[in-house]
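# below are the sequence and a predicted model for it; my questions follow.
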Amino acid sequence: MSETGHGAARLLDPAAVRLDARAEGRDDAVRQCGRLLVEIGAVREEYVQSMLDRERSISTYLAEGVAIPHGTAAGKDAVLRDALAVVRFPDGADWNGQTVTLAIAIAARGDGHITVLTELAQILLDPERARGLREATTAHDIARLLRPAEQETP
């Protein structure tokens, strides 16, 4: 694969996509996201606790049924490489009163998460792309929708 890609799409390993998850609330949903990042070798186990710590101090719920769980600054030492995990909860997960149907977890060393957060916010501000992410049926669809609009191929 010769594509170097940009931002979010290049950080997504298809093995880190779950489209049919169920969660017993926010903490369970965050743990599932974190476990995917551990499984693909992007983070060490302690990063999952860092994600929970972040969520308990500042909610990562964005809008449109989407949350972007990520770790605290203290958790960065547990990040082995920048990566994303995407977990869809078709029945919704209670995120402290908000219903989340899609969680996009971020693992980033340094300040890489800021670029990814900015990209995700731009994608999610487009209601059609946000709906596409929530309704995607394959990891390929998710990766395509995470590309900046100017990089999308018809």
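In hand now; what should we look at?
# the longest strand in this structure is where?
strand 83-95 (DSSP state E).
# within the helices and strands, which one has the residue most central in space within the chain?
The chain has residue 104 as the residue nearest its centroid, 1.5 Å off, counting by C-alpha atoms, centre = their mean. Secondary structure from DSSP states H and E places residue 104 in strand 98-107.
# buried set for that strand?
98, 100-107 (16 or more other C-beta atoms under 10 Å). C-beta: built from backbone N, CA, C; applies to glycine.
# can you tell me the closest non-neighbouring residue to residue 141?
The shortest distance from residue 141 to any residue other than its chain neighbours is 7.4 Å, reached at residue 132 (C-beta to C-beta, 6 or more residues apart in numbering).
# from residue 140, how far out is that neighbour?
Noted for residue 132: a distance of 12 Å to residue 140, by C-beta to C-beta, to the nearest Å.
# and the longest strand of the chain, average pLDDT?
Averaging pLDDT along strand 83-95 yields 95.
# now do that strand and strand 98-107, the angle between them.
160 degrees (axes from the mean of the first three to the mean of the last three C-alpha atoms, to 10 degrees).
# give the buried residues for strand 83-95.
In strand 83-95, counting by 16+ other C-beta under 10 Å, buried: 83-89, 93, 95.
# same for that strand, what does it pack against?
strand 12-18, helix 26-39, strand 98-107, helix 139-146 (3 or more C-beta pairs under 8 Å, 6 or more residues apart in numbering; DSSP states H and E).
# quick check: angle from that strand to strand 12-18?
Orientation check (the same axes, to 10 degrees): strand 83-95 against strand 12-18 gives 20 degrees.
# so, low pLDDT: which residues of the chain?
For the chain, the stretches flagged by pLDDT under 70 are 1-7, 112-113, 148-154.
# ok, back up a step: what's the most buried one of the helices and strands packed on strand 83-95?
Per residue and on average, the most neighbours among the helices and strands packed on strand 83-95 fall to strand 98-107, with a mean of 24 (mean count of other C-beta atoms under 10 Å).
# with that, I have no additional questions.
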